[in-house]
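> whatever this is, show me its structure:
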Amino acid sequence: MDDSSGVGVLDKAASVLSALEAGPLTLASLVQTTGLARPTAHRLAVALEHHRFVGRDLQGRFVLGPRLQELAASAGEDRLLATAGPILARLRDITGESAQLFRRQGDVRVCVAAAERPSGLRDTVPVGTQLTMSAGSAAQVLLAWDEPERIQSGLVGASFTALTLASVRRQGWAQSVGERETGVASVSAPVRTPNNKVIAAVSVSGPIDRLGRQPGRMHAAAVTAAAERLSDVLRRQSADQ
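Numbers count the residues shown, from 1 in each chain. As a prediction, this is how the structure comes out:
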């Protein structure tokens, strides 16, 4: 059977990705595995690296990049969002605060699901709202477990520090007080794929008057439990496939 699609450059790029599926490869090994000319293999690998389909390990070998994981995670988004509604509603009822689910899209985070309080419009985050990745507890969560170079670039101009993100990784959740918006506090926790990649953040937010200066003490357990329930959805989906 002919595996050619008729688009030569796409077929060659696919052969590079297929070769890397078995594990890290040096350029010489990539050439040997794919049968591509050395300049062609190098050009394609570097181009795929630019788009994050390919990465490098500590030895400089080519490996599959994070963009592939992100696309795979997005394939399960419909089920995640369908399940998010009742879980966020329960979180809202438990905490008495607005609950949201955020996903990162480039340099912003987007609210993809929400359960709002019947009153208190000042802290409402409508679905589809784009917020900064440089402030807020959800931004901290979405950045804390990212690749080191992306963490470093994400910290430029951010309201939080590397020490803040280290604390987030250690405790498994984040909090912010007046970081993104004056008078508003929030608590967030990560939603993970079966391979432990963070693809979303569950949050509750509300006025500092209600949540206090240490909102995590009040709501971290409930937020973390909700995020874990959503992570379970992805684990079950992976097991069913």
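> okay, and Arg63 sits in which element?
Heads up, residue 63 is Val, not Arg. Assigned by DSSP states H and E, Val63 belongs to strand 62-64.
> and the nearest residue to Leu234 once chain neighbours are set aside, how far is that from Pro118?
Leaving out its chain neighbours, the residue that sits closest to Leu234 by CB to CB, 6 or more residues apart in numbering is Thr193, at 5.3 Å. Quick note: C-beta positions are derived from backbone N, CA and C, even for glycine. Distance of Thr193 to Pro118, computed by CB to CB, to the nearest Å: 33 Å.
> neighbour-wise, which of the two wins?
Thr193 (20 against 5; other CB atoms under 10 Å).
> model confidence score at that one, please.
What the model reports as pLDDT for Thr193 is 87.
> now Val187: which helix or strand?
Assigned by DSSP H and E, Val187 falls within strand 184-192.
> ok, now Pro126?
Here Pro126 is assigned to no helix or strand, by DSSP H and E.
> okay, it: pLDDT?
Among the per-residue scores, Pro126 holds a pLDDT of 82.
> so it touches Ala113, yeah?
No - Pro126 is beyond contact range of Ala113, at 10.9 Å (criterion: CB atoms under 8 Å).
> more crowded one of the two?
Taking neighbours as other CB under 10 Å, Pro126 and Ala113 compare with Ala113 leading, 21 against 9.
> ranges for the helices of the chain?
Secondary structure of the chain by DSSP state H: the helices cover 8-20, 27-34, 38-50, 66-75, 77-95, 137-144, 148-154, 162-171, 208-211, 215-240.
> from Glu97, how far out is the residue nearest to the spatial centre of the chain?
The geometric centre of the chain, computed from its C-alpha atoms, lies nearest to Ile199 (CA atoms, centre = their mean), at 3.0 Å. Per CB to CB, Ile199 is found 23 Å from Glu97.
> what does Trp145 give?
Counting by CB to CB - Trp145 and Glu97 are separated by 24 Å.
> more neighbours, these two?
Neighbour count, other CB under 10 Å: between Trp145 and Glu97, Glu97 has more, with 28 against 15.
> okay, now the unreliable bits of this protein?
1-3, 69-70, 72-79, 119-124, 237-241 (pLDDT under 70).
> just the angle between the strand holding Val187 and helix 77-95, please?
Counting by axes from the mean of the first three to the mean of the last three CA atoms, to 10 degrees, strand 184-192 lies at 140 degrees to helix 77-95.
> for the nearest residue to Ser176 once chain neighbours are set aside, what are its contacts?
Among residues not flanking Ser176 along the chain, Ser137 sits closest, at 4.2 Å (CB to CB, 6+ apart). Contacts for Ser137 (CB atoms under 8 Å, 6 or more residues apart in numbering) come out as Trp173, Ala174, Gln175, Ser176, Glu179, Ser186, Val187, Ser188, Ala201, Ser203.
> of those residues, closest to Leu91?
Ser203 (9.2 Å; CB to CB).
> quick check: closest non-adjacent residue to that closest one.
Ser188 (4.2 Å).
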